[in-house]
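K.L.:
This is a predicted model, with the sequence first.
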Amino acid sequence: MKIGWIGLGNMGLPMAANLHSAGYDLVGFDLSPDARAAATAHGLPTTDSPVAVAADADVLITMLPKGDHVRAALLDSGALTVTAPAALVIDSSTIATAEAVDIAAAVSATGRRFLDAPVSGGTAGAGNATLTFMVGGAEADLDEARPLLQAMGTRIFHAGDLGAGQSAKMLNNMMLAANMQSTCEAAALAQRLGIAPKTVIEIAGVSTGDSWALRSYYPVGGAVESAPSSRDFTGGFAVTLMRKDLGLALDAAAAHGIDASAIAEVARRLDLLADNGFGGLDFSALIRLVDGTIET
Ligand code: NAD
């Protein structure tokens, strides 16, 4: 089986590296020469065009920032039409449900098959192959993809028809964003009250304030070694990417008459971070607005 991989960023590189070290025949591509160089340094074979990476691929996987990038890399570039005639295309980027459904239709019009398979678990989960996959599409296609996904993650859910994986991911990130905002508020206050971060995590982590934001992504550096806050908020889930996800959620909420005011407030704060030049930092940098470093 020949696998082509497009998008070797914070998530794509470690995911592709895990698949490659599981023994799969995989070639990667990224528009950025730096990302390709980083992949080569990880022992991953790369090519310098989307068509070259997709040529005769039985499986083509995309891990890109937004729907426009997936469309460009897969459809506009001509990559899709050079894959094997019944190739399976798996998009693990987080994009709008409607975009996933549109792209799936374009893929199936060529006789290929599509799964939307966004992930949760952050860069640490990508690195140690413990991601959660939320998959939309045909059960038979998921069965075919399952061994590949299992080389990158530990939990694989069939969320429903095409697009349902993206809907599930959007709902997850709404909760993550609100949890992170409240964790930042509590964490900053704990600093002023003189309560050590590890004490907060130890107590709330087994109490009703528990969340992934608390235990895995605590926004004060030094408390959780693998959290972006322990490396000055670099190499995580960018403010701009979380803002993109909340935009998808706000659009969906408005379309369905849901008042998502907590999400609207976190989105406003992410915009403030981006406007102040922090769009590339991990979104746990929300704490910088909470402790007064940046005016809200
Ligand atoms: P990233 O910005 O680190 O990586 C994206 C990569 O795509 C970059 O290297 C970029 O050069 C490349 N790229 C862009 N357009 C391209 C094109 N047309 N062809 C080839 N390469 C192209 O982003 P990331 O953090 O890896 O996130 C990827 C996706 O996963 C996003 O949709 C994000 O929302 C989602 N996600 C991220 C995290 C996280 O913690 N970072 C967690 C879960 C889901």
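P.N.:
Cool, the structure landed.
K.L.:
for Ile105, what are its contacts?
P.N.:
In this structure residue 105 is Ala, not Ile. With contact set as CB atoms under 8 Å, 6 or more residues apart in numbering, Ala105 has no partners. For glycine as for every other residue, the C-beta is placed from the backbone atoms N, C-alpha and C.
K.L.:
and the helix or strand encompassing Ala274, is it in reach of the ligand?
P.N.:
For Ala274, the host element (DSSP states H and E) is helix 261-275. No - figure legend: helix 261-275 not in contact with the ligand (CB under 6 Å from any ligand atom); closest approach 12.7 Å.
K.L.:
Same check on stretch 145-156?
P.N.:
No - Stretch 145-156 is not in contact with the ligand by CB under 6 Å from any ligand atom; minimum separation 11.2 Å.
K.L.:
buried residues in that stretch?
P.N.:
Ala145, Leu148, Leu149, Ala151, Met152, Gly153, Ile156 (16 or more other CB atoms under 10 Å).
K.L.:
gap between the third one and Asp141?
P.N.:
If I follow you right, that is Leu149. 11 Å (CB to CB, to the nearest Å).
K.L.:
that older thread, what about the buried residues of stretch 145-156, which are in strands?
P.N.:
Among the buried residues of stretch 145-156, DSSP state E puts Gly153, Ile156 in strands.
K.L.:
From the buried residues of stretch 145-156, pick the one nearest Tyr218.
P.N.:
Closest approach between those and Tyr218, by CB to CB: Gly153, at 23.0 Å.
K.L.:
May I have the residues that are in contact with the closest one?
P.N.:
Contacts of Gly153 were listed using CB under 8 Å, 6+ apart, and they are Val119, Gly121, Gly125, Ala129, Thr130, Leu131, Thr132, Phe133.
K.L.:
ok, it to the ligand distance?
P.N.:
11 Å (CB to the nearest ligand atom, to the nearest Å).
K.L.:
Can you tell me who that residue pairs with across the strands?
P.N.:
Leu131 (DSSP bridges).
K.L.:
Next one: Asn10 from the ligand, what distance?
P.N.:
Distance from Asn10 to the ligand, by CB to the nearest ligand atom: 4 Å.
K.L.:
What values do phi and psi take at that residue?
P.N.:
Main-chain torsions, Asn10, degrees, to the nearest 10: phi -60, psi -40.
K.L.:
Just the pLDDT at the residue of the stretch 151-296 of the chain found nearest the ligand, thanks.
P.N.:
Of all residues in the stretch 151-296 of the chain, the one sitting closest to the ligand is Phe237 (3.3 Å; CB to the nearest ligand atom). Predicted confidence (pLDDT) for Phe237: 95.
K.L.:
Quick check, it in contact with Gly280.
P.N.:
No - applying CB atoms under 8 Å, one finds Phe237 not in contact with Gly280, separated by 11.0 Å.
K.L.:
Neighbour count: these two, which is higher?
P.N.:
Between Phe237 and Gly280, counting by other CB atoms under 10 Å, Phe237 is the more crowded of the two (22 against 15).
K.L.:
Spit out the contact partners of the more buried one.
P.N.:
Asn10, Gly122, Thr123, Pro228, Asp282, Phe283.
K.L.:
For those residues, which single residue is the most surrounded?
P.N.:
Greatest neighbour count in the contacts of Phe237, by other CB under 10 Å, goes to Phe283: 31 neighbours.
K.L.:
pLDDT (mean, whole number) over stretch 6-25?
P.N.:
Here the average pLDDT along stretch 6-25 is 97.
K.L.:
Also stretch 91-102?
P.N.:
Averaging pLDDT along stretch 91-102 yields 97.
K.L.:
quick one: it near the ligand?
P.N.:
Yes - Stretch 91-102 lies within reach of the ligand by CB under 6 Å from any ligand atom, at Ser93, Thr94.
K.L.:
Buried residues in that stretch, which are they?
P.N.:
Buried, per 16+ other CB under 10 Å, within stretch 91-102: Asp91, Ser92, Ser93, Thr94, Ile95, Ala96, Thr97, Glu99, Ala100, Val101, Asp102.
K.L.:
Okay, domains of the protein per the record?
P.N.:
Domain ranges of the chain: 2-161, 167-290, per automatic domain parsing.
K.L.:
What is the neighbour count of the closest residue to Phe278 other than its chain neighbours?
P.N.:
In this structure, Phe278 finds its nearest non-sequential neighbour in Ala285, 5.6 Å apart by CB to CB, 6 or more residues apart in numbering. A total of 26 residues lie near Ala285 under the criterion other CB under 10 Å.
K.L.:
I appreciate the help and will end here.
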